[in-house]
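Peer 1: Fold the following, please.
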Amino acid sequence: MIKNIFKKIYLFIFSISFFGFFPFNVFANGTITPPTGGAGSITNPLNATSFKTLINDIAGWIFMIAIPLATLMFLIGGFMFLVSGGNEQKVTQAKKTMIWAAVGLAICLIGAGFTSIIRQLLGA
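Peer 2: As a prediction, the model looks like this:
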């Protein structure tokens with residue numbers, strides 16, 4: 001019974017943070033313009049003209065998703081730690097959640113800097 005409550009709490013926290021952190025402003029002005037290439041044409045949704053801009057766009061989106069997700073995982077780990085009631089298994093699980101959130105955030109930060117390091121080394 002307690003696990004079901006925690007699942008509902010986690011789902012609630014995730015849904016609130018998901019809709020709170022991510023801007024959903026697609027077609028925010030209310031107008032939808034058709035593609036300019038004629039009937040049946042497909043336009044580039046990424047607006048990337050080269051491989052370098054494509055990689056930068058993908059890295060930017062991953063970084064934008066990783067920061068709120070890491071924050072959410074820290075909050076979940078802290079909540080798990082608070083409600084553990086001194087149970088060693090729950091405390092260990094909460095610590096693991098927070099450690100893996102930090103590892104994931106560090107990987108994303110290193111990845112964001114890694115692309116600029118590679119560009120400087122290659123002289124691009």
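
Peer 1: Which elements pack onto whichever helix in the chain runs longest?
Peer 2: In the chain, taking DSSP state H as the definition, the longest helix is helix 88-122. Packing partners of helix 88-122 (3 or more CB pairs under 8 Å, 6 or more residues apart in numbering; DSSP states H and E): helix 51-82. Using the backbone N, CA and C atoms, a C-beta is placed for each residue, glycine as well.

Peer 1: Distance of the residue minimising distance to the centre of the chain relative to Gln93?
Peer 2: Compute the mean C-alpha point of the chain, and by CA atoms, centre = their mean the closest residue is Ile65, 1.9 Å away. According to CB to CB, to the nearest Å, Ile65 and Gln93 sit 24 Å apart.

Peer 1: remind me which residues of the protein are low pLDDT?
Peer 2: Across the chain, residues meeting the criterion (pLDDT under 70) sit at 1-2, 12, 14-44, 124.

Peer 1: Could you rerun that using 90?
Peer 2: Under the criterion pLDDT under 90, the flagged ranges of the chain are 1-68, 84-86, 104-124.

Peer 1: Pull out the buried positions in the longest helix of the chain.
Peer 2: By neighbour count with 16 or more other CB atoms under 10 Å, helix 88-122 contains the buried residues Ala94, Thr97, Met98, Ala101, Leu105, Cys108.

Peer 1: tell me the angle that helix makes with helix 51-82.
Peer 2: In terms of direction (axes from the mean of the first three to the mean of the last three CA atoms, to 10 degrees), helix 88-122 departs from helix 51-82 by 160 degrees.

Peer 1: how far does helix 88-122 sit from the chain's center?
Peer 2: Put simply, helix 88-122 sits 12 Å off its chain's centre (CA atoms, centre = their mean, to the nearest Å).

Peer 1: got it, and stretch 58-77?
Peer 2: With CA atoms, centre = their mean, you get 4 Å for stretch 58-77.

Peer 1: buried sites along that stretch?
Peer 2: Neighbour-count burial for stretch 58-77, counted by 16+ other CB under 10 Å, picks out Ala59, Ala66, Leu69, Ala70, Leu72, Met73, Ile76, Gly77.

Peer 1: hang on, the earlier thing: return the distance of the residue nearest to the centre of the chain relative to Leu121.
Peer 2: Applying CB to CB, the value for Ile65 to Leu121 is 27 Å.
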